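Peer 1: Sequence and predicted model, in that order:
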Amino acid sequence: MQHTYGHFIPENHNFRITTADIPRNWYNYLWNDHCITFVSQTGAGEGFLQDALGRRLPLVNERCVYLLENGYSWGISGLPVEEKRDAFLCTHALGSTTIHTENKGISTDLTFFVPENTNGEIWQLKLQNNSTETRTVKLMGYAGTKLDGAYVRQGYNLAVAEYTPELNGILLQSRGNFRGEKHCPYVGFMSMTEPADEYCCTVNGFIGPYGSIAHPKAVAQGSLPNNRCVNEKLGFALGKSFTLQPGEETEVSFICAIAFSLEEALSMQQTFSQKGAVQRALDAVAEKFTSQTDTVSIDTPDKELNHMFRWLTHQANMGSRWARVRHNGYRDMTSDSECLSCVNPQLALERFKRVLTYQYPNGYAPRTFLDGAIKDNNFADNTVWITFAAMSILKELGDLSVLDIPVAFNDGTEASIYEHVKRSVEFLYNFRGLHGLIRIWGGDWNDCMNTAGLQGKDVSVWLSLA
C-alpha cells in the first residue's frame, strides 16, 4: 500500500508522519481526567481544563518552537511548513506526540504530553549537536492562550502578566468561573525546567502586529523583548541559549499549566525540574494508556487494520471521557463507553457511571453539559443509548450485581444502574406520537434533523427501531 504522508511503525503501532506540509493538520489527543489538549504534526491545537459541569479554562491555543543561530532560524515544531529541513518526522503515540527535526547539524526531539494529575501540558525537548564544531543556539518557545479572552484587533484585552524568576516563567493571575465557584482565583503560567535568558509576555511582542505564528517578529529580530503584559493580549514566550560541544546532548522542558495558587505553580515547576522527572511522567502516561487499551488485538490479512484497531480502542477510551472534545455529547460518551467495554469493561463501567450522573430522574438524558449548565437542546435520542451501553458492559463483566450499583441523577437523588436504564426506556415509551412511534422532537441520531419535530408532531422511525 502506498503511503503519501506517513506509515504505521510495526513494532508499536504508532503512526509516523513524514512531512510537515500535508493538506490539513493531523491531530493527536492527549488527556487526563481534568485536562485535554490536541497536537498536530506542526504543534497546532488547543488545550483546556474542564470541571464537572463543563466550565473551561482555555490554556493553550497556539504553539511554536524555534532555534536561532548566527542570524539564521528554523522551526523545530513543524512551522513554517514550507521550510527546508534535513529531516522531519512526527510520531503520534498513545498519550504523546514527538516532532523530530534535523537541520544544520542539530537534531531535536520535541515531545508533547499531558501528565497524570497535572492541569496542563509539557513540551520535552532533547537537543543534540551532531556536527564537529561547538555550537551556540538560542531556543524560543511560544504558547498562545485565551485565558484573557480571544485576540480581537479592535477590542481590548486586560491581562497583566510578567516574568517571575522563581518560577522560571511567565505568570498570569486571573479569575474565572470554575468548580462551581464564581470568580475562582487561578494562575496560568508557562515556565521552563531551566532558568530562561529572555522572555515575552504579549502576542504583539512575539508575533508582531503583522507577523504570523509561522513567521514571528521576535524570531526574525533574534531576541525576545523582556516585556510585561499590561492591558495587552497575553502570550507566553521564553528563550534560552545553549552551547553544545560536538556530540553533546541536552534536555529542557516547557510547562504550560494552570494552578489555583502561586504555591501550587511553584511546586509544579520544581517537581518537573528534578532530574528525570519529565521522562518519568512521560513513561507513566505511556504505561497508563497501554494498559487501558492493549488488552485486545486483532490479526487480519490487512496489517493496516490491525494497527488501526489499537487507535480505534484508544479513540473509544478518549471519547468515553471527553466525547468529541468540542462539547460533552451525552450520546458520544455513552456510545464510546459501550464500545470501550469490549476492551476494558471495568474502565467502561466507571465512565458509564459518570455519564449517568447527568441523566434526569424522569429518565430523559440531556444533549450536553457546558459552561456550567446541563443543556438539553431537545434531542430525543440521548436516552436511547443507555440500554445498549449497560447491556454491553454487563455482558463483558458477566456480573449481574453491576445492575445494583447506586448512581446519582443530576438532581443528586440516587438509584441503581438498573433503575437508570428502566427509566430511560419508560421515558421513550411514554414519548410516543403518530402511529405509536417516538417523537423526534429536536433531533434523533441525525443532528441535521434538529428542527424536524419541535412542535411535538413529528416522529422518528429510526429512534423507534432503536
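Peer 2: Done, it's in.
Peer 1: What ranges does the stretch 351-466 of the chain have for its strands?
Peer 2: Along the stretch 351-466 of the chain, counting by DSSP state E, counting those that start in this stretch, strands occupy 368-370, 373-375, 406-408, 414-416.
Peer 1: Only the buried residues of stretch 291-306, if you could.
Peer 2: By neighbour count on 16 or more other C-beta atoms under 10 Å, the buried set for stretch 291-306 is 292, 293, 306. (C-beta placed from N, C-alpha, C; glycine too.)
Peer 1: what's next to it, contact-wise?
Peer 2: 1, 8, 10, 94, 309-310, 313-314, 317, 342-344, 347 (C-beta atoms under 8 Å, 6 or more residues apart in numbering).
Peer 1: could the strands of the stretch 351-466 of the chain go into CSV alongside mean neighbour count?
Peer 2: Formatted as CSV, the strands of the stretch 351-466 of the chain follow (neighbours: other C-beta atoms under 10 Å):
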stretch, mean neighbour count
strand 368-370, 21
strand 373-375, 15
strand 406-408, 15
strand 414-416, 14
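Peer 1: These: which one's closest to residue 455?
Peer 2: Across the strands of the stretch 351-466 of the chain, residue 455 has its closest neighbour in strand 373-375 (20.6 Å, C-beta to C-beta).
Peer 1: tell me how far that closest one is from the chain's mean position?
Peer 2: Centre-to-centre, strand 373-375 and its host chain are 22 Å apart (C-alpha atoms, centre = their mean, to the nearest Å).
Peer 1: Contact partners for residue 459?
Peer 2: Residue 459 makes contact with 432, 433, 434, 435, 437, 438, 439, 440, 453, according to C-beta under 8 Å, 6+ apart.
Peer 1: quick one: the closest residue to residue 314 other than its chain neighbours from residue 458, how far?
Peer 2: The shortest distance from residue 314 to any non-neighbouring residue, by C-beta to C-beta, 6 or more residues apart in numbering, is to residue 293 (5.0 Å). Relative to residue 458, residue 293 is positioned 40 Å away (C-beta to C-beta, to the nearest Å).
Peer 1: Which is the succeeding secondary structure element to the one helix or strand residue 319 maps to?
Peer 2: Using DSSP states H and E, the element containing residue 319 is helix 303-322. Past helix 303-322, further along toward the C-terminus, the next helix or strand under DSSP H and E is helix 330-340.
Peer 1: Summarise which helices and strands that next one is packed against.
Peer 2: Here helix 330-340 touches helix 303-322, helix 345-356, helix 385-397, going by 3 or more C-beta pairs under 8 Å, 6 or more residues apart in numbering; DSSP states H and E.
Peer 1: Identify the residues contacting that helix?
Peer 2: For helix 330-340, contacts defined as C-beta under 8 Å, 6+ apart pick out 313, 315-321, 323-324, 347-349, 351-352, 354-355, 358, 365-368, 379, 381-382, 385-386, 388-389, 392-393, 445.
Peer 1: what about 6 Å?
Peer 2: Contacting residues not belonging to helix 330-340 are listed as 316-317, 319-320, 323-324, 348, 351-352, 355, 365-366, 382, 385, 388-389, 392 [C-beta atoms under 6 Å, 6 or more residues apart in numbering].
Peer 1: Stretch 232-248 now?
Peer 2: By C-beta under 6 Å, 6+ apart, the residues outside stretch 232-248 that reach it are 129, 132, 134-145, 148, 151, 157, 159, 161, 170, 190, 192, 196-200, 202-203, 206, 224, 250.
Peer 1: are any of those buried, and which?
Peer 2: If you count burial by 16+ other C-beta under 10 Å, the buried members of these come out as 129, 135, 137-145, 148, 151, 157, 159, 161, 170, 190, 192, 196-200, 202-203, 206, 224.
Peer 1: Produce a ChimeraX select command limited to the buried residues of the contacts of stretch 291-306.
Peer 2: Under the burial definition 16+ other C-beta under 10 Å, those of those that qualify are selected in ChimeraX by:
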select :8,94,309,310,313,314,317,342,343,344,347
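Peer 1: Adding pLDDT, write the contacts of stretch 291-306 out as a markdown table.
Peer 2: Formatted as a markdown table, those follow (pLDDT from 0 to 100):
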| residue | pLDDT |
| --- | --- |
| 1 | 50 |
| 8 | 96 |
| 10 | 92 |
| 94 | 97 |
| 309 | 95 |
| 310 | 95 |
| 313 | 96 |
| 314 | 97 |
| 317 | 97 |
| 342 | 95 |
| 343 | 95 |
| 344 | 97 |
| 347 | 98 |
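Peer 1: Residue 180: which of the contacts of stretch 291-306 is nearest?
Peer 2: Relative to residue 180, the closest of the contacts of stretch 291-306 is residue 347; by C-beta to C-beta it sits at 26.5 Å.
Peer 1: Not counting its neighbours along the chain, what's nearest the closest one?
Peer 2: Leaving aside its sequence neighbours, residue 347 sits nearest to residue 292 (C-beta to C-beta, 6+ apart; 6.0 Å).
Peer 1: so the one you found, which of the three states?
Peer 2: Three-state assignment for residue 292 (DSSP: H, G, I helix; E, B strand; the rest coil): helix.
Peer 1: ok so, going back, tabulate the strands of the stretch 351-466 of the chain (TSV), appending distance to residue 65 and mean pLDDT.
Peer 2: Formatted as TSV, the strands of the stretch 351-466 of the chain follow (distance: least, C-beta to C-beta, whole Å; pLDDT from 0 to 100):
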stretch	distance to residue 65	mean pLDDT
strand 368-370	32	95
strand 373-375	37	94
strand 406-408	44	98
strand 414-416	49	98
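Peer 1: Adding distance to residue 246, write these out as JSON lines.
Peer 2: Formatted as JSON lines, the strands of the stretch 351-466 of the chain follow (distance: least, C-beta to C-beta, whole Å):
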{"stretch": "strand 368-370", "distance to residue 246": "54"}
{"stretch": "strand 373-375", "distance to residue 246": "59"}
{"stretch": "strand 406-408", "distance to residue 246": "62"}
{"stretch": "strand 414-416", "distance to residue 246": "67"}
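Peer 1: Identify whichever of those strands lies nearest to residue 183.
Peer 2: Nearest of those to residue 183, taken as C-beta to C-beta: strand 373-375 at 17.5 Å.
Peer 1: Sheet partners, orientation included, of that closest one?
Peer 2: The strands beside strand 373-375 in its sheet (DSSP bridges) come out as strand 368-370 (antiparallel).
Peer 1: From the chain's centroid, how far away is the partner strand?
Peer 2: From the chain centre to the centre of strand 368-370 is a distance of 17 Å (C-alpha atoms, centre = their mean).
Peer 1: and residue 89, what element?
Peer 2: strand 87-93.
Peer 1: Which strands and helices lie in contact with that strand?
Peer 2: Applying 3 or more C-beta pairs under 6 Å, 6 or more residues apart in numbering; DSSP states H and E, one finds that strand 87-93 makes contact with strand 15-17, strand 96-103.
Peer 1: Just give me how far that strand sits from the chain centre.
Peer 2: From the chain centre to the centre of strand 87-93 is a distance of 18 Å (C-alpha atoms, centre = their mean).
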